[in-house]
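Student: Coordinates only, no sequence provided:
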């Protein structure tokens, strides 16, 4: 009878760990993940502290406001506790609260510089000191100045500033340009990282010495495209009240100085002189609405003004050509939405717009303050429908691939993690 030593047999066949005297477990085999107990098997886990982030923005509306809200909503709620502070009023505050964000509408906060800003600075400082934010992330010129000064006074560990556009431009008075340039340069010393919504905008802020070289990262301004049509929508056209046989040219935006709505009216008048069968629509409201109506009547332009519409991004799908006549524009939220619906576009070549609209490929570019040039570009698209459709399809691909909220939030998260010394998130397990 042969007697086999059990320990020798286990070691011989790889079932005993040499030198330990214990059987081989899953953890002893290379590449074998350890067994993880289910949540039901474990005692309850303690709540881990989250990173507190405060976004300070002048106005939570339009492109910059929508971009800020999307980036705040998209952060991992298990890791970040996100707050937003800014000028009271506007429809996006309710959306922010519904998304679970903490909001602070600061009394006395206005979008222009006033003596009351000292009180706003005091309130911001109290808020930051009381809540002990780890990150203060500022947006826009005035919000960026007050937010960064308050963060400096409270010794906030991390300060980030996003450029959604430039705070000064050639169409301002020289004194106003000097003031805003000075405010930006003063507060750049208080900022640990700068973000820009477009490459050309990043280049511009470095050239203007608003940020030091190497400190700016491009995080394209995203748009929630989930509920926007990918092509022309006949129902949107019917809502706009224009027959399909009539060419419809339109725009979306606030009727203010930046968007140059009077240039849109002049463009429409120049186009109608050669294409009298064309209709025009402006979706939006603002302080220049009365001026727009008077100029349209004076020039004999049959123009529809819809006022503010919550479904503006959908209505764009009923246009034949989308136009922006902005004098300055970080990137253009409405422009991104128009491209996403495969609309042929004409846009002014300002700031970050040429990063989105490539002339002859995804649309046509024209100089700012040139309504006759815009009219010629629109007429070309109407006269060349096949080429216009090709541009629309290429624009749709660019908008839907490069400007998603997921990509934007991942870039912001990477910025925060780097500044805090945190590792990148673990990759999702493969299924």
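Tutor: Structure received. Keep in mind it's a predicted model, so treat the numbers as computed, not measured.

Student: Every contact and neighbour count from this point should use C-alpha atoms.
Tutor: Fine.

Student: Can you show me the helices along the stretch 101-250 of the chain?
Tutor: In the stretch 101-250 of the chain, the helices defined using DSSP state H, counting those that start in this stretch lie at 117-131, 141-153, 174-187, 199-207, 234-240.

Student: tell me the angle of the third one relative to helix 199-207?
Tutor: Helix 174-187 and helix 199-207 are oriented at 80 degrees to each other (axes from the mean of the first three to the mean of the last three C-alpha atoms, to 10 degrees).

Student: what comes up buried for helix 174-187?
Tutor: For helix 174-187, burial by neighbour count (16 or more other C-alpha atoms under 10 Å) applies to 180, 181, 183, 184, 185, 187.

Student: which among those gets closest to residue 47?
Tutor: Nearest to residue 47 out of the buried residues of helix 174-187 is residue 187 (C-alpha to C-alpha; 35.9 Å).

Student: tell me the contacts of that closest one?
Tutor: Residue 187 sits next to 145, 148, 149 when contact means C-alpha atoms under 8 Å, 6 or more residues apart in numbering.

Student: and if we set it to 10 Å?
Tutor: 144, 145, 146, 147, 148, 149, 152, 161, 210, 211 (C-alpha atoms under 10 Å, 6 or more residues apart in numbering).

Student: again, but for residue 317
Tutor: 228-237, 337-343.

Student: Give me the nearest residue to it, chain neighbours excluded.
Tutor: Excluding its sequence neighbours, the residue lying closest to residue 317 (C-alpha to C-alpha, 6 or more residues apart in numbering) is residue 232, at 4.9 Å.

Student: burial count for that neighbour?
Tutor: Residues near residue 232, counting by other C-alpha atoms under 10 Å, number 18.

Student: cool, and residue 90?
Tutor: Per other C-alpha under 10 Å, the neighbour tally for residue 90 reads 12.

Student: next one: residue 285
Tutor: Neighbours around residue 285, by other C-alpha under 10 Å: 18.

Student: now it: how far from residue 67?
Tutor: Relative to residue 67, residue 285 is positioned 20 Å away (criterion: C-alpha to C-alpha, to the nearest Å).

Student: With residue 86 instead?
Tutor: Residue 86 is 14 Å from residue 67, by C-alpha to C-alpha.

Student: same thing with residue 41?
Tutor: Distance, residue 41 to residue 67, using C-alpha to C-alpha: 42 Å.

Student: rewinding a little: quick one, which of the buried residues of helix 174-187 has the minimum pLDDT?
Tutor: Among the buried residues of helix 174-187, residue 180 has the lowest pLDDT, at 78.

Student: That residue reaches residue 143, doesn't it?
Tutor: No: Residue 180 is beyond contact range of residue 143, at 11.8 Å (criterion: C-alpha atoms under 10 Å).

Student: okay, the helices of the stretch 101-250 of the chain, which one's buried deepest?
Tutor: Of all the helices of the stretch 101-250 of the chain, helix 141-153 has the most neighbours on average by mean count of other C-alpha atoms under 10 Å, namely a mean of 24.

Student: gap between it and the chain center?
Tutor: 20 Å (C-alpha atoms, centre = their mean, to the nearest Å).

Student: Please apply the same query to stretch 389-397.
Tutor: Put simply, stretch 389-397 sits 21 Å off its chain's centre (C-alpha atoms, centre = their mean).

Student: so for it, what's the average pLDDT?
Tutor: Here the average pLDDT along stretch 389-397 is 95.

Student: can you tell me which residues contact residue 249?
Tutor: Residue 249 touches 268, 278-282, 303, 316, 318-323, 345, 378, 382, counting by C-alpha under 10 Å, 6+ apart.

Student: Quick one: mark the members of the residues you listed that sit in helices.
Tutor: Per DSSP state H, helices hold the following members of those: 268, 378, 382.

Student: what separates the second one from residue 307, distance-wise?
Tutor: Yep, that's residue 378 we're talking about. Separation of residue 378 from residue 307 (C-alpha to C-alpha) stands at 23 Å.

Student: before we move on, what about the last one?
Tutor: As for residue 382, its distance to residue 307 is 26 Å (criterion: C-alpha to C-alpha).

Student: Of those two, which one has the most company?
Tutor: Neighbour count, other C-alpha under 10 Å: between residue 382 and residue 307, residue 382 has more, with 20 against 17.

Student: I figured the more buried one hits residue 322, correct?
Tutor: No: applying C-alpha under 10 Å, one finds residue 382 not in contact with residue 322, separated by 11.4 Å.
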